[in-house]
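**Q** Provided below are the primary sequence and the corresponding predicted coordinates.
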Amino acid sequence: MVMGESVHTVTTMPTARQSGCPFDPPAELIDARRHGPISRYTFPGGKPGWLITGYDLVRSVLADSRFSSRKELMRHHPTIDYGDFEVPPAPPGEFLLMDEPQHSRYRKPLMGKFTVRRMRLLSERIEQITADHLDAMEKTGPPTDLVTAYAKPIPAVIICELLGVPYQDRGSFQEQVDSFMNGETSDEDLMAAYTATQNYLAELVAAKRANPTDDVLSDLTDSDLTDEELKGIALILLAAGLDTTANMLALGTFALLRNPEQLAALRADPALIDGAVEELLRYLSVAKTFMRTALEDVELGGRTIKSGSPVILSYNTANRDPERFADPHVLDLGRQQGGHLAFGHGIHQCLGQQLARVEMRVAFRALIERFPTLRLAVPAEEVGLRSETADIYGVKSMPVTWDKEES
Amino acid sequence: MSPARLSVDRERCIGAGMCALTAPEVFDQDPDDGRVLLLQAEPPAAHRAAAQMAARVCPSGSITFHKPEPNGSWGVSAK
Ligand code: HEM
Ligand code: SF4
């Protein structure tokens, strides 16, 4: 950007994508990136701030401790006017919205539980879980909603196992969690479901402390973390790990079905799966926007970000930055450029990413192997997509069908 | 020309595992605390590109890739 050139201004976050382009970030954001990696943004109520859409700038903000994740500083939402509402600090254990050193207190004891190696050991169990769900789909027969039959339950079962939720509680627990995460619930029901989940997790923590079992939550009772903190950790694992993975599985399948030559290549060469998962992560970027607040004046991309300014980071637009990714709007499962921002970057980079990777590798492969004729059961335009205002992008439901084996 | 040399900062590491994923021959994660373990500080040529990529993608900047210098002294970080 040239000195003195006026900065592009975006006055409101788009609420919809362009029709016919369910996988592409809204046209307004692509357009903002075209004007430059950083735009001025006017928050509801008039507060000035910034919107960053360029890959390099998003990455450098995420690596810079002068930009805070603290919840109490995020007094400006991109689309909702909070008025004078004082945002409270993150409750104990909810480290996604904390800075150092509080963040480390929680992340450190968890790190060893989510290593590449540990998650690979889980893959056999994940294969079993996916096979069970495919069996059930086969038994019921087509058509079926891929979201409820496959994409949602697989990450849910896995999280239940990590947290050590006993079998008999899983049905009701998953229902509760689903109703506060699906973005479709009325405010009243949402609060009720949220409170019920909180209460259940508090009981679960107490139960694990009394009778530890073989799971992450029980392991953590062996640290100096309080029950209140453990409950917060459990909640953040649920909030961060369920909806994200479920939407990647459903939307990812949708994207594969809409790119039949790519799907055929993946079927023909299962070794493509690792790269395919990375490319789907980049291309879909379901965790699309996060925010930071400047703690001091920071020079960025030729602009001064004033202390206290809210900054919107568009991970999905950055993952389509043509200066970083050639033909960014093309789904290319064989793409070689790594380093996408779908899991973020910096100290908050996704803790569960190695788990999510194993889940996706196993679940995509098993699905396309089991049903070689898998296809949408409705025209593509009728697949119900989430609104842009939802935190996580994805499909609400996706009817699919397949040819039954002659036998 | 001296070989490329790597160093890691285990205090900075946030256990994201990008290194072990990108260059498994060069990095592992400690099974207890999830932090980076450097398996080879001077990776052979075959693993050098992967190690360099790992240094680039590490989200916490915990991996430093010292470029080989013609005069044999360790250069500054390649990042
Ligand atoms: C494909 C699925 C997933 C996606 C796209 C995703 C995406 C992300 C992103 C973008 C962040 C960083 C947020 C920021 O920059 O402020 C994050 C953080 C986090 N994720 Fe994930 N995630 C996924 C799956 C999971 C799973 C399966 C778990 C756990 C079981 C998980 C647990 C977490 C936690 C605990 C954090 C907070 C880390 C911190 O603040 O240090 N995620 N995730
Ligand atoms: S990639 Fe970086 S932060 Fe992640 S485990 Fe390796 S050294 Fe640690």
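**A** Nice, thanks for sending it over. Ligands and ions are numbered 1, 2, ... in the order given.

**Q** can you give me the helices for chain B?
**A** B:18-22, B:45-57 (DSSP state H).

**Q** among those helices, which is the most enclosed?
**A** Mean neighbour count, computed with mean count of other Cβ atoms under 10 Å in any protein chain shown, is highest for helix B:18-22 among the helices of chain B, reaching a mean of 25. Using the backbone N, CA and C atoms, a C-beta is placed for each residue, glycine as well.

**Q** is chain A contacted by that helix?
**A** Yes: legend: contact between helix B:18-22 and chain A by Cβ under 8 Å from any Cβ of the partner chain is shown at B:18, B:20-22.

**Q** what sits against A:Arg66?
**A** A:294-296, A:298 (Cβ atoms under 8 Å, 6 or more residues apart in numbering or on different chains).

**Q** distance check, the residue lying closest to A:Phe85 once chain neighbours are set aside against B:Gly15.
**A** Spatial nearest neighbour of A:Phe85, excluding adjacent residues (Cβ to Cβ, 6 or more residues apart in numbering or on different chains): A:Arg75 at 7.6 Å. As judged by Cβ to Cβ, to the nearest Å, A:Arg75 and B:Gly15 stand 31 Å apart.

**Q** and these two? which has more neighbours close in?
**A** B:Gly15 (29 against 18; other Cβ atoms under 10 Å in any protein chain shown).

**Q** run a quick neighbour tally on the residue in the stretch 101-250 of chain A that chain B sits nearest to.
**A** Nearest residue of the stretch 101-250 of chain A to chain B: A:Met111, at 3.0 Å (Cβ to the nearest Cβ). A:Met111 is flanked by 21 other residues according to other Cβ under 10 Å.

**Q** how much space between it and B:Thr64?
**A** Taking Cβ to Cβ, one finds A:Met111 at 20 Å from B:Thr64.

**Q** what about A:Val205, which helix or strand?
**A** helix A:187-210 (DSSP states H and E).

**Q** would the helix or strand hosting A:Ala276 count as contacting chain B?
**A** According to DSSP H and E, A:Ala276 maps onto helix A:273-284. No: if you take Cβ under 8 Å from any Cβ as the test, helix A:273-284 misses chain B, and the best it gets is 9.1 Å.

**Q** and the furthest pair within the contacts of A:Arg66?
**A** A:Leu295 and A:Val298 (8.4 Å; Cβ to Cβ).

**Q** picking up where we left off before, so how far is the helix holding A:Ala276 off the chain centroid?
**A** The chain centroid and the centroid of helix A:273-284 are separated by 14 Å under Cα atoms, centre = their mean, to the nearest Å.

**Q** what's it packed up against?
**A** Counting contacts by 3 or more Cβ pairs under 8 Å, 6 or more residues apart in numbering or on different chains; DSSP states H and E, helix A:273-284 packs against helix A:227-258, helix A:260-268, helix A:353-370.

**Q** can you do 7 Å?
**A** helix A:227-258, helix A:353-370 (3 or more Cβ pairs under 7 Å, 6 or more residues apart in numbering or on different chains; DSSP states H and E).

**Q** strands of chain A, residue ranges please.
**A** A:9-10, A:38-42, A:48-52, A:67-68, A:144-145, A:289-294, A:298-300, A:303-305, A:310-314, A:375-376, A:384-385, A:395-397, A:399-401 (DSSP state E).

**Q** which stretch in those strands has the least confidence?
**A** Ranked by mean pLDDT, the strands of chain A end with strand A:9-10 at the bottom, a mean of 90.

**Q** now do that one: everything it contacts.
**A** A:28, A:32, A:39-41, A:51 (Cβ atoms under 7 Å, 6 or more residues apart in numbering or on different chains).

**Q** where in the chain is pLDDT low?
**A** Answering for chain A, as no chain was given. Applying pLDDT under 70 to chain A picks out residues A:1-5, A:182-184, A:406-407.

**Q** actually, chain B is the one I wanted.
**A** Using pLDDT under 70, the flagged stretches of chain B are B:1-3, B:67-79.

**Q** so which bits of it are right by chain A?
**A** B:14-17, B:20-21, B:29-35, B:53, B:56-57, B:59-61 (Cβ under 7 Å from any Cβ of the partner chain).

**Q** circling back to that earlier point, make CSV from the contacts of A:Arg66 and add neighbour count to it.
**A** Output for the contacts of A:Arg66, formatted as CSV (neighbours: other Cβ atoms under 10 Å in any protein chain shown):
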residue, neighbour count
A:Ala294, 23
A:Leu295, 16
A:Glu296, 10
A:Val298, 18
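
**Q** which of the residues you listed lies closest to A:Leu122?
**A** A:Leu295 (37.9 Å).

**Q** dump the residue contacts of the closest one.
**A** When contacts are counted by Cβ under 7 Å, 6+ apart, A:Leu295 touches A:66, A:68, A:307.

**Q** check A:Pro399 too.
**A** A:143, A:145, A:376-378.

**Q** filter the residues you listed to the buried ones?
**A** A:145, A:376-377 (16 or more other Cβ atoms under 10 Å in any protein chain shown).

**Q** what are the bridge partners for the closest residue to A:Asp145 other than its chain neighbours, then?
**A** Distances taken as Cβ to Cβ, 6+ apart place A:Ser397 nearest to A:Asp145, at 4.9 Å, with adjacent residues excluded. Assessed by DSSP bridges, A:Ser397 has beta-bridge partners A:Gly384.

**Q** and A:Ser397, how many neighbours?
**A** 14.

**Q** test my guess that it contacts A:Gly384.
**A** Yes: the pair A:Ser397 and A:Gly384 qualifies as a contact (Cβ atoms under 7 Å) at a distance of 5.2 Å.

**Q** quick one: the strands in chain B?
**A** Using DSSP E, strands in chain B cover B:5-8, B:27-29, B:36-38, B:63-66.

**Q** mind putting those strands into TSV with distance to A:Ser218 and mean neighbour count?
**A** Output for these, formatted as TSV (distance: least, Cβ to Cβ, whole Å; neighbours: other Cβ atoms under 10 Å in any protein chain shown):
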stretch	distance to A:Ser218	mean neighbour count
strand B:5-8	31	18
strand B:27-29	21	24
strand B:36-38	26	20
strand B:63-66	33	22
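
**Q** distance of A:Asp327 from A:Tyr283?
**A** The value you get for A:Asp327 to A:Tyr283, if Cβ to Cβ is used, is 11 Å.
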